[in-house]
Structures are given as C-alpha cells and as structure tokens.
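Chemist: have a look at this prediction, sequence included:
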Amino acid sequence: MPDIDDIVGASLLAIASDPHVRQWRAKERDWVNYFTHRHLFEHCSAAGPLKHVSQIGIEVAVSQPAGYEKLTVARDLVWWAEPGATCWNDTWEPCNHPLAILEWKVHRPGHRNVKVSHERAWLRAYCAWQHTVLGYAIEVDGCSPVATLSCARFLGATENLAWIRVDLA
C-alpha cells in the first residue's frame, strides 16, 4: 500500500507542477490520459507494484458493491495487480478486484461536475467492501481564480478527504 500511495502521490504532485497544465484547457478524459501517460507510467519498475503499463486500465469495468443496479461500472483509471488483468473470470462473472481505483472529476468555468458526491460515495462503499483496494477521488477545480488539484484517499473504512491539495498556479 505505501508504494502505491507513493507512486500516486508523486504522480499527482508532478502533474500539478507540470508547466503544460498550468493554463491548460482540458476535460476529464484529457486529464486522465495525460496523467497516466506522462506521469504515472514513469514509475514502471520491475521492483515495484507497477511493473508494466498494461496493469493500468482507462475506462475499464470493475465490480460494484451491493446496492447498485448493474454488476459492473467503468472507472476512470484502474490499477491491476497483473498486466492485462480484468474484473472478469472464465464464466464472465465480475469477481477480480484491482489494487487501486482513481476516479477523476474536473470543474471548469460554466461546468461544475455535479457527480463528485456520488463518486466519493461509490469509492467509500467499494473500499469498505474490498478492504485492500485503494480508492482515490481526484478533483481539478479550474473555476477558482487559482486552479487546484485535490485528492481524497479511501482504504477500508478510512478516508482522508484532504490527502493532497495543491495549487496549479
């Protein structure tokens, strides 16, 4: 767990200080892709928990906790223990769980993302159900005079709503 936290934290701080994003105009999917390809993949190492880029899935299915209508839902960024892993077993049941789930929300002028509370509730429920999965709720707020990047961290029944918060200016 500490290694995953270190990698996610370092990657978030790196994107926050990346000159490219200081005045960037980008939507959620752009942030997810740039973060993953530019900052997260740099941490691939045979000695670490991120051994290969194919452990990362963008917009891939994960099982849902009890109380949700569908069995699976697509998540922004999913970190699997093994390269090429998915949530599916041989009979197409969603039973495999990732190491971490990173869910992004981006607010921009004229468009506040209203799903923040819903996504945090989902991460809270998932991590309470799967005690070893790390959940990260990442928000980029470009509506304020000084844009910010923040991240809440979920593990089991614990949550740190102010795990990371940095200005993008």
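Modeler: Thanks, I have it. Numbering: from 1, shown residues only.
Chemist: in the chain, which residue is closest to the centre?
Modeler: residue 102 (1.0 Å; CA atoms, centre = their mean).
Chemist: quick check: phi and psi at it.
Modeler: When read as degrees, to the nearest 10, the backbone of residue 102 gives phi -110, psi 120.
Chemist: what's the answer for residue 72, then?
Modeler: Backbone torsions for residue 72, taken as degrees, to the nearest 10, come to phi -130, psi 160.
Chemist: this structure: strands as residue ranges?
Modeler: 56-63, 72-79, 100-107, 134-141, 148-155, 158-167 (DSSP state E).
Chemist: so what touches the last one?
Modeler: Contacts of strand 158-167 with the rest of the structure, by CB atoms under 8 Å, 6 or more residues apart in numbering, involve 9, 12-13, 16-17, 124, 127, 136, 146-153. (Each C-beta comes from the backbone N, C-alpha and C, glycine too.)
Chemist: give me that answer again for 7 Å
Modeler: If you take CB atoms under 7 Å, 6 or more residues apart in numbering as the criterion, strand 158-167 is touched by 9, 12-13, 16, 124, 146, 148-153.
Chemist: what's the most distant pair in the residues you listed?
Modeler: The span of the contacts of strand 158-167, defined through CB to CB, is set by 124 and 146 at 28.2 Å.
Chemist: who's more crowded, those two?
Modeler: residue 124 (18 against 9; other CB atoms under 10 Å).
Chemist: average pLDDT across stretch 108-122?
Modeler: Over the span of stretch 108-122, the pLDDT mean works out to 85.
Chemist: end to end, how far does stretch 59-68 reach?
Modeler: End-to-end distance of stretch 59-68 (CA to CA, to the nearest Å): 18 Å.
Chemist: same question for stretch 50-67.
Modeler: One end of stretch 50-67 sits 32 Å from the other (CA to CA).
Chemist: contacts for that stretch?
Modeler: Stretch 50-67 is contacted from outside by 7, 32-33, 36, 40-41, 43-45, 70-80, 82-84, 86-87, 94-95, 97-98, 101, 125-126, 129, using CB under 7 Å, 6+ apart.
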